[in-house]
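>>> Provided below are the primary sequence and the corresponding predicted coordinates.
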Amino acid sequence: MHSAAARAKSGLSPLTNRTTRTYNGGSQEEIRQKSESLAVNAVVEARLEQALDKLKRNGIRMTPQRFAILSYLQGTKSHPTADDIYRALENRFSSMSVATVYNNLKVFIDAGLVRELTYGDQCSHFDADMSTHYHARCERCGKIEDFSYPPLFHIESAAENETGFAVTSHRLEVYGTCRSCRAISQH
Ligand code: ZN
Ligand code: MN
């Protein structure tokens, strides 16, 4: 059996199985996307549950705005700015402003649930995926995409040895042109 669900279960990269052959009224691509989004939803839900638990243990009050911001952030891979989050949610909260979004994000950052990716242009992006992973940033459109690579802890030890720092973390980004920007420039 080679269904998309089986592939999702086996953990094989769906990228290696891309096909648009039509099958049972829906293309395999559609079936793949559907099962992938179901799997992603389950992961997001489990993560949200854990985050809510952590906030509760830290005595942090949950408000509807907070909940909306956290679940939005956990459900996206786009590394939004505070402004992006505000624009995505403003219709649901009349009292919401970019400043309140920012303040709530700070609460999550302090609780270790969200990380801030700062850039020189004072336009921070936010990421609720706290696993050690790395980012590729598009120099044309600014898009930030995750990529996985074995964590570079040996760099942290090298830095500790050479500088005497007690190193707490590191940040690595690669820069270039993303897939969609490359496609545009080829036309
Ligand atoms: Zn781009
Ligand atoms: Mn990320």
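That came in fine, so what should we check first? Numbers count the residues shown, from 1 in each chain. Ligands and ions are numbered 1, 2, ... in the order given.
>>> Any regions of the protein where pLDDT drops low?
1-40, 121, 187 (pLDDT under 70).
>>> Skip the chain neighbours and tell me the closest residue to the residue sitting nearest the centre point of the chain.
Closest residue to the average C-alpha location of the chain: Lys77 at 3.5 Å, with CA atoms, centre = their mean. Once flanking residues are discounted, Lys77 sits nearest to Asp146: 6.3 Å by CB to CB, 6 or more residues apart in numbering. Any C-beta I mention is one placed from the backbone N, CA and C, and that applies to glycine too.
>>> Same question for Pro151.
Thr132 (4.2 Å).
>>> tally of neighbours for that neighbour?
Thr132: 14 surrounding residues under other CB atoms under 10 Å.
>>> do the one 10 residues further on as well
The burial count assigned to Gly142 is 14, neighbours taken as other CB under 10 Å.
>>> picking up where we left off before, that's a helix at the residue nearest to the centre of the chain, yeah?
No. Under DSSP: H, G, I helix; E, B strand; the rest coil, Lys77 falls outside any helix and is assigned coil.
>>> Now do it against Ala128, distance only.
Per CB to CB, to the nearest Å, Lys77 is found 10 Å from Ala128.
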